[in-house]
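>>> Sequence and predicted structure, then a few things I'm wondering about:
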Amino acid sequence: MQHDDALHLIARGAAACAQAVAAGRVRAATLCEAAIGAIEARDGGLNAVVVRDFERARAQAREADARRARGERPPLLGVPMTVKESFNVAGLPTSWGLPPFRGFMPAADAAAVQRLKAAGAVILGKTNVPTALADWQCANPVYGRTVHPLDAARTPGGSSGGGAAALAAGLVALELGSDLMGSLRVPAHFCGVWAHKPGAGVLPIRGHAFPGTPDTQGPPPDLPSVIGPLARCADDLLLALDVLAGPEMPMAQAWRLALPAPRQSDPARWNVLVLDRHPLAAASQDVRGAVDAAAARLARHGATLTRPPALPDGLLPDLAALHAAYSQQVMTLLGAFEPGATCDLTAHAWIRLGAQRATLRSQCFALMERFDAVLCPAFGSAAFVHLDGADEEHRTLGIDGVATPYGAQAAWSSLASLAGLPATVAPVTRDAQGMPLGVQVIGPWLHDRGTIEIARRIGEA
């Protein structure tokens with residue numbers, strides 16, 4: 001296979017690459033060299049793949065070809081990919097973009113990285129993040145700034161922004177990211193790729209913790225941070241989900257994970273709530289138009305669409321209260337673990353906040369008993385021009401010519417995050433400037449396959 005053909009295969013995604021390697025149409029080593037060449041040729045202007053591990057990737061590719069020769073057919077055989085800088089990879093730095101941790105080298109791979117390697121993936125390196133993963137832009141003092149593949153004046157999003165940029169630019173076939181307040185969903189929406197934020201507890205998070213902190217038991221209690229894939233298509237999200245999902249030891253000796261099939265195989269039986277306005281977060285006319293376009297595609301499949309005015313009183317949780325509670329939860333927990341942050345809730349206030357979160361979570365679960373999915377924006381605008389200067393608390397974002405609070409955009413992520421619900425982002429259209437616009441599909445807990453299937457019907461158009 002020629003170099004250009006290998007690049008075309010990479011651009012098609014992980015499943016296409018793995019199938020071609022398994023069938024003997026291309027060698028894993030050929031795909032690896034094509035991806036390395038693409039990174040070396042194109043990434044200088046993007047600054048997406050900031051930690052490169054090419055020699056070990058070449059060794060992994062040779063091993064993938066040897067596995068095929070032995071008759072093995074693991075699901076990601078020979079797939080060239082990257083992982084977010086915040087994941088531990090033995091022998092590579094994990095700094096989260098923070099200068100004090102520039103030299104932190106974990107001794108072991110994250111659980112997800114172990115599973116990817118066991119499945120035959122070839123990991124070329126690590127992709128850029130904002131400082132401490134705390135922005136929807138992608139810049140830090142260690143690695144500098146990553147720019148959008150279509151417009152260098154704009155951000156690819158954050159905090160999984162480097163991975164989304166690498167994927168959108170065709171440098172790799174798959175990416176592993178993470179999400180606490182939209183860190184998978186926002187970059188996918190900005191860059192025109194696919195992402196899946198799994199339901200809480202579905203994928204193992206060991207090895208994705210603040211640098212140098214013990215994480216054998218996962219994240220701090222009650223912190224609904226998850227890991228998940230960015231991909232080129234819905235099939236690749238499912239492929240990655242199957243590779244990554246499931247408990248680790250010691251839990252694995254007691255239980256297994258079997259995610260259910262979509263609730264309804266017939267789209268004509270889908271009930272979908274369309275939510276394109278939020279009391280706290282603005283959404284542009286273009287973004288609302290993308291949500292409408294996605295809803296229209298589902299309607300053509302026969303799905304039943306409902307908008308909030310038609311809901312019975314009390315069925316939709318108080319979205320403003322939900323976002324406030326989730327933000328307080330996140331800020332308090334991060335303040336307890338991250339250097340320089342603050343944690344000022346009393347124990348009694350934390351307990352009361354927990355009770356409020358439990359009530360809101362129950363309301364979210366009740367909503368998802370009625371609906372197969374909630375269709376809403378992942379963010380209120382397309383990829384925006386880089387913002388420098390003011391911190392997030394004082395930063396504004398122009399939406400349809402109006403300055404709006406930057407931090408309020410986290411509200412679009414809170415509904416899925418507070419309740420630990422799965423959410424898939426699919427590309428829908430582009431705005432007048434050619435920038436991608438996506439849509440977020442939120443589903444019931446553990447119905448990850450359902451949100452991916454609904455997103456597939458949207459994105460395939």
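That came through, no problem.

>>> Look up the pLDDT of residue 103 for me, please.
We note a pLDDT of 95 for residue 103 in this prediction.

>>> typed the wrong thing, it's residue 342
According to the model's per-residue confidence, residue 342 sits at a pLDDT of 67.

>>> Hmm, residue 428 and residue 294 touching each other?
Yes - under the criterion of C-beta atoms under 8 Å, residue 294 makes contact with residue 428 at 5.1 Å. All C-beta spots, glycine's among them, are computed from the backbone N, C-alpha and C.

>>> which residues are in contact with both of the two?
439, 458 (C-beta atoms under 8 Å, 6 or more residues apart in numbering).

>>> more crowded one of these two?
Applying other C-beta atoms under 10 Å to residue 294 and residue 428 shows that residue 294 carries more neighbours, namely 30 against 23.

>>> Against residue 457, how distant is that one?
9 Å (C-beta to C-beta, to the nearest Å).

>>> And residue 412, by the same measure?
Spatial separation of residue 412 from residue 457 under the definition C-beta to C-beta is 21 Å.

>>> And residue 168, by the same measure?
Using C-beta to C-beta, one gets 22 Å for the distance from residue 168 to residue 457.

>>> Just give me the longest helix of the chain.
Ranked by number of residues, the top helix in the chain under DSSP state H is helix 347-370.

>>> Name the residues that touch it?
Judged by C-beta under 8 Å, 6+ apart, the contacts made with helix 347-370 from elsewhere in the structure are 222, 271, 273, 315-318, 321-322, 325-326, 328-329, 332, 345, 374, 415, 418-421, 443-445.

>>> What's the first helix or strand after it?
strand 373-376 (DSSP states H and E).

>>> Not counting sequence-adjacent ones, nearest residue to the most centrally placed residue in the chain?
Of all residues in the chain, the one closest to the mean position by C-alpha atoms, centre = their mean is residue 184, 2.2 Å from it. Nearest non-adjacent residue to residue 184, counting by C-beta to C-beta, 6 or more residues apart in numbering: residue 195, 4.3 Å away.

>>> What is the end-to-end distance of stretch 198-206?
Between the opening and closing residues of stretch 198-206 there is a gap of 15 Å (C-alpha to C-alpha, to the nearest Å).

>>> residues of the helix-or-strand element of the chain with minimal mean pLDDT that come out buried?
Lowest mean confidence among the helices and strands of the chain (mean pLDDT, DSSP states H and E): helix 319-337, at a mean of 89. Taking 16 or more other C-beta atoms under 10 Å as the basis for neighbour counts, the residues of helix 319-337 that come out buried are 319, 322-330, 332-334.

>>> Can you pull the domain assignment for the chain?
Structural domains of the chain, as assigned by automatic domain parsing, span the residue ranges 3-253, 267-459.

>>> mind putting the ones you listed in CSV, distance to residue 259 included?
Listed next are those as CSV, based on distance: least, C-beta to C-beta, whole Å:
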stretch, distance to residue 259
domain 3-253, 7
domain 267-459, 6
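
>>> Tell me which of the ones you listed sits most buried.
Looking across the domains of the chain with neighbours counted as mean count of other C-beta atoms under 10 Å, the highest average goes to domain 3-253: a mean of 22.

>>> Helix or strand: which one has residue 165?
Mapping residue 165 onto the secondary structure by DSSP H and E places it in helix 161-168.

>>> Quick check: next helix or strand after that helix?
Tracing the chain past helix 161-168, the next element assigned as helix or strand by DSSP H and E is strand 174-179.

>>> and the closest residue to residue 234 other than its chain neighbours, what pLDDT?
Distances taken as C-beta to C-beta, 6+ apart place residue 456 nearest to residue 234, at 3.8 Å, with adjacent residues excluded. Reported pLDDT at residue 456 in the predicted model: 98.

>>> Relative to residue 430, how far out is residue 456?
Here residue 456 is placed at a distance of 19 Å from residue 430 (C-beta to C-beta).

>>> ditto for residue 229
Per C-beta to C-beta, residue 229 is found 23 Å from residue 430.

>>> Let me know the helix or strand that the residue nearest to residue 234 is in.
With the criterion set as DSSP H and E, the secondary-structure element containing residue 456 is helix 448-459.

>>> which residues make contact with that helix from outside it?
Helix 448-459 has contacts (C-beta under 8 Å, 6+ apart) with 194, 196, 198-199, 202, 233-234, 237-238, 241, 245, 259-263, 267, 270, 272, 294, 297-298, 301, 372-373, 422-428, 439, 441-444.

>>> now stretch 273-285
With C-beta under 8 Å, 6+ apart, stretch 273-285 has contacts from 287-288, 291-292, 295, 305-308, 311, 316, 319-320, 323, 367, 370-371, 373-377, 380-382, 399-400, 402, 404, 408-412.

>>> how about a cut-off of 6 Å?
288, 291, 295, 305-307, 319-320, 323, 371, 374-377, 380-381, 399-400, 404, 408-409, 411-412 (C-beta atoms under 6 Å, 6 or more residues apart in numbering).

>>> ok, now which ones touch the residue nearest to residue 157 when sequence neighbours are not counted?
Closest residue to residue 157 apart from its sequence neighbours, by C-beta to C-beta, 6+ apart: residue 187 at 3.3 Å. If you count contacts by C-beta under 6 Å, 6+ apart, residue 187 has them with 156, 157, 160, 161, 164.

>>> In the stretch 251-400 of the chain, where is pLDDT below threshold?
By pLDDT under 70, the low-scoring segments of the stretch 251-400 of the chain are 337-342, 390.

>>> Phi, psi for residue 80 please.
Reported as degrees, to the nearest 10, the phi and psi values for residue 80 are phi -80, psi 130.

>>> And the one 10 residues further on, by the same measure?
Main-chain dihedrals, residue 90, degrees, to the nearest 10: phi -50, psi 130.

>>> What separation is there between residue 85 and residue 417?
Note on residue 85: its distance to residue 417, by C-beta to C-beta, is 21 Å.

>>> tell me how far the ends of stretch 90-99 are from each other?
With C-alpha to C-alpha, one end of stretch 90-99 sits 19 Å from the other.

>>> and it, average pLDDT?
For stretch 90-99, mean pLDDT is 97.

>>> Tell me who's in contact with residue 375.
Taking C-beta under 6 Å, 6+ apart as the definition of contact, the neighbours of residue 375 are 272, 274, 294, 295.

>>> quick one, phi/psi of residue 200?
Reported as degrees, to the nearest 10, the phi and psi values for residue 200 are phi -60, psi 130.

>>> three-state assignment of the residue nearest to it when sequence neighbours are not counted?
Counting by C-beta to C-beta, 6+ apart, residue 420 is the residue found nearest to residue 200 once chain neighbours are left out, at 2.9 Å. Using DSSP: H, G, I helix; E, B strand; the rest coil, the three-state assignment for residue 420 comes out as coil.
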